[in-house]
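> sequence unknown, structure follows:
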């Protein structure tokens, strides 16, 4: 099999999604006036930068054979810690660092709990998602922390390349993840953790290290995502990121990463996030009620996984 | 070749599923036909419902009770004074509205009223919202998208004081006029960020609290203990209603305000709080809940405890509250006409577009519906 063919087979999910995206873009361009414009492309990118960060973190976790239901809660809690620091007159960069560090720590706590208790990641992160969300509520008492320093907002949503800085951050993180995930020992071990953890352990690899680090990475991306959300809304609130873990999981699975782990499809994840953003944007532009949004998302997810599964089976047999 | 056919077919299916929400079997013969047809039927479907509800409204217009007619007249007079007359002719205008949520009955009604008012005035209007209530980020995304579309005026009702600020600034930059309807935008933060509102139409939340408190005091000539169930801490509606009621109640002789509790607009929290309050204060005489959802929960909790002599007030005058007031289990609710509210906002949109300037915020006249006048208010909406 030629390398190109192998790549095409591997990326079949992503290619299919790209085709759907293109089809949808053609359709929206013909149907509406405002869709086909650079400004609208910027809109879509800006509205999905923080979702992309959550999704690529989630992709690593799922590739390692686990799942992380706490990303939305980490987003909110780390943003609140950071906002508190800003309100306490901390300089901008240390406060940002504190926010990112708390994301890293909160993610590591997930990883440590899972490694040492050997309890399913779904259950551990379900518990921590409530714990972290509860802490957010306890710290803020439900009142959003608003009116953050302008200098912070410049960093979180200032202008870079004619769009909000969040887009650069998210795309930058994605680009950095490509070599890290596909061309380093770390990426290989993380995928083997999902594919065949027993073999990895028997070959003398300290699996706990990789388990914790992949959750820490997901936590870090959630915190970065939290910075973007907080800067855009100019408020850190306990409800931020609510249910966003589900959107992230949806994008990862739609993008062709198997839920049982062993392989992660970064390109597919990015395209899926873009596609979901495209749907939201298209519905707004076409003035279709938000009632339809969830239904359509569900329908596309279902079609994507069914098609992926059917193709997979055919390859397995053939 | 077969492989490509499979992919093509899958694509068509996904596209059809993506663009059509009706579950009609997609005619999988040619892609464009399958995608276009459902989408075309979908857009009108969104506006169909309100159009259908509007027809009976017009028939009703002649049969309004005198009380309702008087209320409407007073409303129109107050509005005319604040806004001025509707321009007799006006240029083409495209209006957008961003509301809080379409999973909350109050905003669903507002959406219907917007569309009906648009139809009546001959103004095209789109009503949009984020995915779920409380999703501040996606509400902003919607406004950001709309700011690049060809609207002349956008009417915004933000989830909280700051979440729509970047979108409002974008509207300012793109020359789209912004009207703030209902819950307030934090104008200090907006100004700091370099944006401004072109007009504001809202309800005086303090007045809502004061009116309820005065009615409550009038019904309690011998005084007694009362409590307030507030909404979400920090939300301007909740803070205003609570402050207004608190001021009046604390100044009244013989009335003792024993508790002000935040129940976050949540029915089950309000239920639990009420149950706890009547255990603590068995002689409790009155409860003011900052919206009807919480008031109705308080009614349930009182019924479960066998209490029938506690006055319960709410805000919004929802259909459920109307039934409860008619049945006598609830005492009253603050109301205003959503129909006139949205129509006034649209009129302001037209006037802004014609170059009119609104110097000060427009406040809606309010009505207290209680057990005495509820039966006179058929047709009020």
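Done, it's in. For clarity, every value in this text was computed on a predicted model and none was experimentally measured.

> use CA for all of it now, contacts and neighbours both
Fine.

> Contacts only, for residue A:273.
Neighbouring residues of residue A:273 by Cα atoms under 8 Å, 6 or more residues apart in numbering or on different chains: A:48, A:51-52, A:55, A:248, A:251.

> Just put those in CSV and tack on pLDDT and distance to chain B.
Shown next, in CSV, are the contacts of residue A:273 (pLDDT from 0 to 100; distance: Cα to the nearest Cα, whole Å):
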residue, pLDDT, distance to chain B
A:48, 92, 9
A:51, 94, 11
A:52, 97, 14
A:55, 97, 16
A:248, 94, 15
A:251, 93, 15
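
> Give me the subset of those lying in helices.
A:48, A:51-52, A:55, A:248, A:251 (DSSP state H).

> Could you check which residue of the stretch 51-200 of chain A lies nearest chain B?
Nearest residue of the stretch 51-200 of chain A to chain B, counting by Cα to the nearest Cα: residue A:143, 5.6 Å away.

> quick one: average pLDDT of the one helix or strand residue A:278 maps to?
Assigned by DSSP states H and E, residue A:278 belongs to helix A:266-285. Summarised as a single mean, pLDDT over helix A:266-285 is 90.

> Tell me the helix or strand right after that helix.
Next element after helix A:266-285 (DSSP H and E): helix A:291-317.

> Buried residues, that next one. List them.
Going by neighbour count (16 or more other Cα atoms under 10 Å in any protein chain shown), the buried part of helix A:291-317 is A:292-293, A:296-297, A:299-301, A:303-305, A:307-308, A:311.

> Name the nearest residue to residue A:101, ignoring sequence neighbours.
The shortest distance from residue A:101 to any non-neighbouring residue, by Cα to Cα, 6 or more residues apart in numbering or on different chains, is to residue A:220 (7.3 Å).

> can I assume that neighbour sits in a helix?
Yes - assessed with DSSP: H, G, I helix; E, B strand; the rest coil, residue A:220 lies in a helix.

> who in the stretch 101-250 of chain B is up against chain A?
Residues of the stretch 101-250 of chain B lying close to chain A by Cα under 8 Å from any Cα of the partner chain are B:102, B:126-131, B:134-138, B:140-142, B:144-146, B:148-150, B:162-166, B:189, B:193, B:232-234.

> same thing but 7 Å
Residues of the stretch 101-250 of chain B lying close to chain A by Cα under 7 Å from any Cα of the partner chain are B:126, B:128-131, B:141-142, B:144-145, B:148-149, B:162-163, B:166, B:189, B:233-234.

> do you know how far residue B:245 is from chain A?
Distance, residue B:245 to chain A, using Cα to the nearest Cα, to the nearest Å: 21 Å.

> Return the per-residue confidence for that residue.
At residue B:245, pLDDT is 95.

> Also residue B:36?
37.

> for the residue of chain B at minimum distance from chain A, what are its contacts?
Residue of chain B nearest chain A, by Cα to the nearest Cα: residue B:163 (4.6 Å). By Cα atoms under 7 Å, 6 or more residues apart in numbering or on different chains, the contact set of residue B:163 is A:233-234, B:136, B:140.

> switch the cut-off to 10 Å
Applying Cα atoms under 10 Å, 6 or more residues apart in numbering or on different chains to residue B:163 gives the contacts A:146, A:229-230, A:232-235, B:135-140, B:185-186.

> Number of residues surrounding residue 276?
Chain wasn't specified; assuming chain A. Number of residues near residue A:276 (other Cα atoms under 10 Å in any protein chain shown) recorded here: 24.

> You answered for a different chain; I wanted chain B.
Residue B:276: 13 surrounding residues under other Cα under 10 Å.

> Helix, strand, or coil at it?
At residue B:276 the chain is in helix, as set by three-state DSSP.

> now it: how far from residue B:304?
12 Å (Cα to Cα, to the nearest Å).

> Next: residue B:203.
34 Å.

> What of residue A:77?
In this structure, residue A:77 and residue B:304 are 38 Å apart, going by Cα to Cα.

> now do residue A:240
Separation of residue A:240 from residue B:304 (Cα to Cα) stands at 36 Å.

> The two: which is more packed in?
A direct count of neighbours by other Cα under 10 Å for residue A:240 and residue B:304 places residue A:240 higher, at 28 against 11.

> doesn't the more buried one fall inside a helix?
No - using three-state DSSP, the assignment for residue A:240 is coil, not a helix.

> and it, what does it touch?
A:72-77, A:79-80, A:133, A:136, A:144, A:226, A:229-230, A:233, B:134-137.

> again, only using 8 Å
Counted by Cα under 8 Å, 6+ apart, residue A:240 has contacts A:72-73, A:75-76, A:229, B:135-137.

> Also residue B:246?
Each residue near residue B:246 by Cα under 8 Å, 6+ apart is listed here: B:209-210, B:213, B:257.

> Mind checking which of those residues land in strands?
Using DSSP state E, the subset of those located in strands is residue B:257.

> The helix or strand harbouring residue B:115: how far from the chain's middle?
Following DSSP H and E, the helix or strand that holds residue B:115 is helix B:105-121. Its chain's C-alpha centre and that of helix B:105-121 lie 10 Å apart, by Cα atoms, centre = their mean, to the nearest Å.

> That helix: what's the following helix or strand?
That would be, after helix B:105-121 and using DSSP H and E, strand B:125-128.

> which is the next helix or strand following that next one?
helix B:136-146.

> Which other helices and strands does whichever helix or strand comes after that following helix contact?
Later in the chain than helix B:136-146, the nearest helix or strand by DSSP H and E is strand B:153-156. Strand B:153-156 sits against strand B:95-98, strand B:177-181, helix B:338-353, with contacts defined as 3 or more Cα pairs under 8 Å, 6 or more residues apart in numbering or on different chains; DSSP states H and E.

> and the gap between residue B:365 and residue B:198?
Residue B:365 sits 21 Å away from residue B:198, going by Cα to Cα.

> before we move on, the earlier item: the residue of chain B closest to chain A: what secondary structure?
coil.

> got it, and residue A:263?
In three-state terms, and counting by three-state DSSP, residue A:263 is coil.

> distance of the closest residue to it other than its chain neighbours from residue A:181?
Distances taken as Cα to Cα, 6+ apart place residue A:63 nearest to residue A:263, at 5.1 Å, with adjacent residues excluded. Per Cα to Cα, residue A:63 is found 10 Å from residue A:181.

> between those two, which one's more packed in?
Comparing residue A:63 with residue A:181 by neighbour count (other Cα under 10 Å), the higher total belongs to residue A:63, at 27 against 18.

> Contact partners for that one?
By Cα under 8 Å, 6+ apart, residue A:63 lies in contact with A:190-191, A:194, A:257-264.

> And residue B:220, by the same measure?
residue B:285.

> May I have the phi/psi pair for it?
Phi and psi for residue B:220, reported as degrees, to the nearest 10, are phi -120, psi 70.
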